[in-house]
Structures are given as structure tokens and as C-alpha cells.
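Undergrad: sequence plus predicted model, see below.
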Amino acid sequence: MYYYIRLLKNTPLEAVIQEPFKMVFTITTDLTEKFYESPCKLRCQTVVRTPSTVPGATKDDTVMTIMPQGLSQGFSLDYDPKIGYCSVDLRLAPCMTIYDECQLVLSLDPAPYTTTRNGAKVLVEPPEYEILPAWSLPIHLKPAPLNFAKKTKHRKVNRKYLIDTRQDLVERYFKLPTHLSGAHGPGRSLLVREDANEGFMARHIWDSGVFMTKYLMLPDSWLSKYMNDKKKEATLEAMSAVSISEEQTPSSIPTRKRVCLELGAGTGLVGIAVAVAFPELSVLSTDLDEALALMQQNVDGNQALLPTNNMEVGFLDWAEKDRKVEPVEILLLADVVYNDLSHEFLLQTVLDYSDKNTKVLLGYKFRHEAEQQFFEKAKEYFDIVNVHQQDTMQLFVLTRKA
């Protein structure tokens, strides 16, 4: 299980240096049906970047990470589950310039800390479950119009210089495994945006998507082993074909396009991870209309990790009838069986796009008993194997029966 830091009040698009604005956040599960139940400390930091449009700046310019003003305990904020949320007034430091843009970052403080309970001091360990950090969208800075030599403790916000249009998205970063650093550079991360508040379910990151993303990119994951085996088979086939005809070379042998189709992709997180880790696959992530704009935004935001442009976004309605489509090599499904009313349409879609050679990767987290109806129906057509498990989350591989 994962918990997510969620911004309940969106950060401004633009802010005046040292003009105060309010940030409100909480910690919940993926469907926000449960709040994090233990007290903990969070770090609040400001990552300041110089845009590449500034004269002399390069694309690698990352200026610094500093503390926003307004915090009483250094970088730390206290999360109290009895209240259910935390509210703080922040100001962006005067050391920033109008050439900068910044992002506020909320993350778990991993250090144990001491608190008082029933009159006694108690050492509080870090939470048992992983809490995913939240990054605001970039905030563009405007010059301060006031004289900050004067006391500003009780100064009201100058609304003229604060754009009140709010951002309703939050960013999540997922660090690439070490073995991918050779291709993309050390310390690189996937960037995915999701709705900051409750909205369309498809525009949120779900636990199974995080679970699949982190696992499938590992060098010893089921998919990594499968892709390596296919690469060896392709090499042997190429060598065999070359020996038949002296005029043929491995590069002239026709190859079949290797398609990976993601159903109910939502933010596109899993599809992006697979496209980055396995550039030999052509990934098509699909969902309904309300998810596509954000999904495309996430693909565009990871273009630096997708140099072969091997990922596209598309519309796919599971309820569409009489499809005439070709089977694909891999199908990706993450957290798609929660709605038992869609089971019939989902299963038919999987059948339409699969044959005996297709591998269906289904990430699943138990939520209610009705979900089991999908697996019972799927067993009529597929052999189902559990290849990886973490807490209540499982990854199944489905293969069509002969």
C-alpha cells in the first residue's frame, strides 16, 4: 500500500517574491478513502530553477534547494491525523530573482523524531508504508513591489501582483533504476502529473500503477526477463535467415512491429515506464476522452527519456462492439477491475487484442469481493500466473489457453 501527499489548496501560477500564500495538504490512500493514521513530519522545500530562456542558462541549470519562509521548524511540518490536514502560510525567499521559477516539494522526513505522549517523550519511527512526495507545478516569480525593509509580519497580500488562477495538478517523480542510468544519465526520474484534488478517477495515480512502474523497470522483473529471452530468439532467427541467403543481412530481414497496448491508462504512468525501459516496444496507452489531455501532457513531459518516440496516446472505449483489430504482443492493465459493471467489456477487449502469443500483465490490488468475478470469467480463456506480490498488490501474467 502507498500513501500520497495531496495538495488541498492549489499553488498559484505566479507569485510575488515574499508575498504570502497558503498551502494546505493531507495524506491519503490512492482513492482518498482513508487518511494516514499516524503523526509524522514532512519536509517542505523550494526547488529553484533558472529557465533555459534566460541568457547564459543551460538546460541543466538547477540553481538550488532552499527553505521557504513561514515555517517554524526549519524544513519540517507536522502532520496530525486527528486534524486530517495541515495548513501553512509560505513566502518565497528574497534571494530568488524574477528569472527563476520554483516548485514546492513536500516529502516525508525520514529521520526519527521525539514527541511527547502522556507526559513522556517517545521516539517516533518513520512510517511503515511509503508516502509519495508531491511537487507543485512550476510557480513563476514576479518582482516584489514593496519595500521589504519595513516589517511585513502583518502585511496583507497585494492581490494586484498575485494571479489568483490556481493550478489543479500535482507532480510525482519516480526515480529510474540504476541500470537505466547508462542510457539516460544518473539520477533521472519519470515525471507524471495527476489531479491535485478529487476529480475524474482516470486522472489519478493508483497503487497498482506505482507498484507496476517500480517493478517492471527492474532488471530482474518478469518483463525484463521476457524481453531478454525475445531478444535472444530474434538474434538466433536473424542468424538462421542470413545463412539461408547470402544476399540477406540482419538489417534487411523484415521485423514485426512489437506493440504494447495499455488499457485504462489514466495518467499513462505504467505505459511511460515501459516505453522508457524497453525502447524496442511501441507503446500505445489508451483511455476515455477525459484522461487523454493529461496523459499526453505526461508523455510530452518525458520526451527526454523517449528519444525513439516509441509512445503514443489514443482513445479506446471497452464497450465498442465488433472490433476488427490485430493482436498485440503485450497488454498492460493496472487497477482496472474495481468496477464490476465493466468486467464483460474489459474481458472482451482483452480477448480482441490477444492471441496465444500475447502476454497480458495485470496489476491488481484487492478492494472488494466483486472484483473476483473478473478473474473467474478470465480463467475460462487464460492461464493466470502470479509473478510478483507486494503487500496487497499482485502482478498477474495472463496467457491465452490453447
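TA: Nice, I can see it.
Undergrad: assign the residue nearest the centre of the chain to helix, strand or coil.
TA: Computing the C-alpha centroid of the chain and ranking residues by C-alpha atoms, centre = their mean puts Val192 first, at 4.2 Å. Three-state call for Val192 (DSSP: H, G, I helix; E, B strand; the rest coil): strand.
Undergrad: so what's it up against?
TA: Counting by C-beta atoms under 8 Å, 6 or more residues apart in numbering, Val192 touches 171-172, 174, 205, 267-269, 272, 298, 301. Any C-beta I mention is one placed from the backbone N, CA and C, and that applies to glycine too.
Undergrad: tell me which of these fall in helices.
TA: The helices, defined by DSSP state H, take in 269, 272, 298, 301 from the contacts of Val192.
Undergrad: for Glu376, state which of those residues is nearest.
TA: Leu269 (28.2 Å; C-beta to C-beta).
Undergrad: check the closest one and give its pLDDT.
TA: Leu269 is assigned a predicted lDDT (pLDDT) of 97.
Undergrad: now Glu128
TA: pLDDT recorded at Glu128 is 69.
Undergrad: then Asn118?
TA: 68.
Undergrad: quick check: next helix or strand after the helix or strand bottoming out on mean pLDDT in the chain?
TA: For the chain, the helix or strand with the lowest mean confidence is strand 64-66, at a mean of 58 (criterion: mean pLDDT, DSSP states H and E). Toward the C-terminus, strand 64-66 is succeeded by strand 76-79 as the next helix or strand (DSSP states H and E).
Undergrad: what's in contact with that next one?
TA: 26-27, 36, 39-44, 71, 86, 88, 106, 109.
Undergrad: run the chain-centre distance for that strand.
TA: 24 Å (C-alpha atoms, centre = their mean, to the nearest Å).
Undergrad: residues of that strand that come out buried?
TA: Buried residues in strand 76-79, counting neighbours by 16 or more other C-beta atoms under 10 Å, are found at 77-79.
Undergrad: just the helices in the stretch 151-300 of the chain please.
TA: Counting by DSSP state H, counting those that start in this stretch, one finds helices in the stretch 151-300 of the chain at the ranges 181-184, 207-216, 222-244, 269-277, 289-301.
Undergrad: could you give the angle of the third one to helix 207-216?
TA: What it means is helix 222-244. Following axes from the mean of the first three to the mean of the last three C-alpha atoms, to 10 degrees, one obtains 50 degrees for the angle between helix 222-244 and helix 207-216.
Undergrad: gap between helix 222-244 and the chain center?
TA: Per C-alpha atoms, centre = their mean, the centroid offset for helix 222-244 relative to its chain is 32 Å.
Undergrad: ok, back up a step: out of the contacts of Val192, who's the most crowded?
TA: Counting neighbours by other C-beta atoms under 10 Å, the top entry in those is Gly268, with 29 neighbours.
Undergrad: that older thread, can I get the contacts of strand 76-79 in CSV including distance to Asp335, secondary structure and neighbour count?
TA: Converted to CSV, the contacts of strand 76-79 look like this (distance: C-beta to C-beta, whole Å; DSSP: H, G, I helix; E, B strand; the rest coil; neighbours: other C-beta atoms under 10 Å):
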residue, distance to Asp335, secondary structure, neighbour count
Thr26, 21, strand, 18
Ile27, 20, strand, 27
Tyr36, 20, coil, 19
Pro39, 29, coil, 15
Cys40, 26, strand, 20
Lys41, 30, strand, 19
Leu42, 26, strand, 21
Arg43, 29, strand, 18
Cys44, 30, strand, 23
Leu71, 35, coil, 16
Cys86, 28, strand, 19
Val88, 32, strand, 15
Leu106, 24, strand, 24
Asp109, 29, coil, 19
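Undergrad: can you put those residues in JSON lines and add distance to Pro12 and pLDDT?
TA: Converted to JSON lines, the contacts of strand 76-79 look like this (distance: C-beta to C-beta, whole Å; pLDDT from 0 to 100):
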{"residue": "Thr26", "distance to Pro12": "19", "pLDDT": "91"}
{"residue": "Ile27", "distance to Pro12": "23", "pLDDT": "92"}
{"residue": "Tyr36", "distance to Pro12": "26", "pLDDT": "90"}
{"residue": "Pro39", "distance to Pro12": "29", "pLDDT": "82"}
{"residue": "Cys40", "distance to Pro12": "27", "pLDDT": "84"}
{"residue": "Lys41", "distance to Pro12": "25", "pLDDT": "83"}
{"residue": "Leu42", "distance to Pro12": "20", "pLDDT": "86"}
{"residue": "Arg43", "distance to Pro12": "21", "pLDDT": "85"}
{"residue": "Cys44", "distance to Pro12": "16", "pLDDT": "84"}
{"residue": "Leu71", "distance to Pro12": "18", "pLDDT": "56"}
{"residue": "Cys86", "distance to Pro12": "18", "pLDDT": "83"}
{"residue": "Val88", "distance to Pro12": "15", "pLDDT": "81"}
{"residue": "Leu106", "distance to Pro12": "16", "pLDDT": "89"}
{"residue": "Asp109", "distance to Pro12": "25", "pLDDT": "83"}
